[in-house]
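Trainee: Sequence first, then the predicted structure:
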Amino acid sequence: MAVEGYSNEDWMAQGVTLEGSYSPTQLFTAEDDIKTAAGTFAAGNDVAVLTILARNADDELVQWDPTAVDADVSEATPVGVAAADMDTSATGYNAAVMGPYYVQACFNPDLLVWPAGLASGTHEEKSAALEKAGAPFRVKHLL
């Protein structure tokens, strides 16, 4: 479920690695400012790191739903990208919980967790959907 190099386990001190054996995954693809925030992730969700987020009617973070047709539905507007795995389901925290997310940056689109309707879309389709929905961040492929 997690993106290689960006799961919670990758950030924890563990084991010994040989010098020179680490090759980082390039998450950011431009020199845009990177801004983060903390927000409440809605209960009953299992959100993977780098999932595109929106806010629900209770002002809690949930997965972005670009298919929402009512402009007043909060889930229709992306607000950021999850900066950690956040499992608020019964197998995780089992409640709404505060967690980190990116508010602004330029991301490698191949690493983001896209909604089902966009997952197999082209870069142009994904970028256009984010722009149309008013996302505070953008995506750009590596050169």
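Mentor: Looks like it arrived, so ask away.
Trainee: Next up, the contacts around Ser89.
Mentor: Applying C-beta atoms under 8 Å, 6 or more residues apart in numbering, we find Ser89 in contact with 43-46. C-beta coordinates here come from the backbone N, C-alpha and C atoms, glycine included.
Trainee: What of Thr88?
Mentor: Thr88 neighbours (C-beta under 8 Å, 6+ apart): 41-47, 94-97.
Trainee: again, 7 Å this time
Mentor: Under the criterion of C-beta atoms under 7 Å, 6 or more residues apart in numbering, the contact list for Thr88 reads 41-45, 95-97.
Trainee: Name the nearest of those residues relative to Ala105.
Mentor: Comparing those against Ala105 with C-beta to C-beta picks out Phe41 as the nearest, at 19.0 Å.
Trainee: Correct me if wrong, but Lys132 is in a helix.
Mentor: Yes - under DSSP: H, G, I helix; E, B strand; the rest coil, Lys132 falls within a helix.
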